[in-house]
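Undergrad: Below: sequence and its predicted model.
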Amino acid sequence: MSFIDQLKQRRTIYAIGKNVQQSPEQLNELIHTAIKYAPSSFNSQSSRAVTLFGESHTNFWEIVRETLRKLVPPEAFASTDNKINSFSAGFATVLFYEDQSVITGLQEQFPAYAENFPIWSEHSTAMAQLAVWTALSEIHVGASLQHYNPIIDAEVAQTFEIPATWKLRAQLVLGSIEAPAGEKTFIDDTIRFKTFA
């Protein structure tokens, strides 16, 4: 499968389950390799990942649920609860972090670019997320990218012993594909692209 075909195949899969064919060890190896080979500015390698399986995966989504319970009006919580149930039904969750000590170090080393390093860090984590998501799709593991940070950051950091310099950027929940993604639509190319010769 070509890289372009892999990109086309990668979709947001909400209906996921625990029936994956790969072991946690195999998935961990794939996740780690994808992140290691994802590009980063100045080869900073600022991206960090925490992969949660089993009880840790379930506990993470309970943290999200209980955090949201305090913020969402009771009459509107049922839909939120159902959404968290769908994530908890998955096989694992990857927490994507960026190590702020790396960014600070680069700012000190290259002061002329200091204001850009936080931006470039966001680029790095985005590329790491896409690399992992696409690699999972290639082995027919479904996933969806979630962003419950920063409201969950402190409790997650305490629960999973996350270093203080790591900043949570996204959560990728993954599992077996229990129902396909819906049709993907696109805006007209003329709106998005310009070409000059």
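TA: Structure received.
Undergrad: average pLDDT across the top strand by length along the chain?
TA: When the chain is parsed with DSSP state E, its longest strand is strand 166-177. Averaging pLDDT along strand 166-177 gives 98.
Undergrad: elements contacting that strand?
TA: Judged by 3 or more Cβ pairs under 8 Å, 6 or more residues apart in numbering; DSSP states H and E, strand 166-177 is in contact with strand 16-17, strand 92-99, helix 117-138, strand 141-146, helix 153-159. Any C-beta I mention is one placed from the backbone N, CA and C, and that applies to glycine too.
Undergrad: any idea which helix or strand comes after that strand?
TA: Next helix or strand after strand 166-177 toward the C-terminus (DSSP states H and E): helix 189-192.
Undergrad: out of the helices and strands packed on strand 166-177, which comes closest to N85?
TA: Proximity of those to N85 was assessed by Cβ to Cβ; the nearest stretch is strand 16-17, lying at 11.5 Å.
Undergrad: right, and the helix or strand after the closest one?
TA: That would be, after strand 16-17 and using DSSP H and E, helix 24-37.
Undergrad: Tell me which residues are up against the following helix or strand past that next one.
TA: Remark: after helix 24-37, the chain's next helix or strand is strand 47-53, criterion DSSP H and E. Contacts to strand 47-53, defined as Cβ atoms under 8 Å, 6 or more residues apart in numbering, come from residues 24, 27-28, 31-32, 35, 38, 40, 59-60, 91-99, 124-125, 128, 132, 160, 162, 166.
Undergrad: Next, the angle from the longest strand of the chain to helix 24-37.
TA: Angle of strand 166-177 versus helix 24-37, following axes from the mean of the first three to the mean of the last three Cα atoms, to 10 degrees, is 130 degrees.
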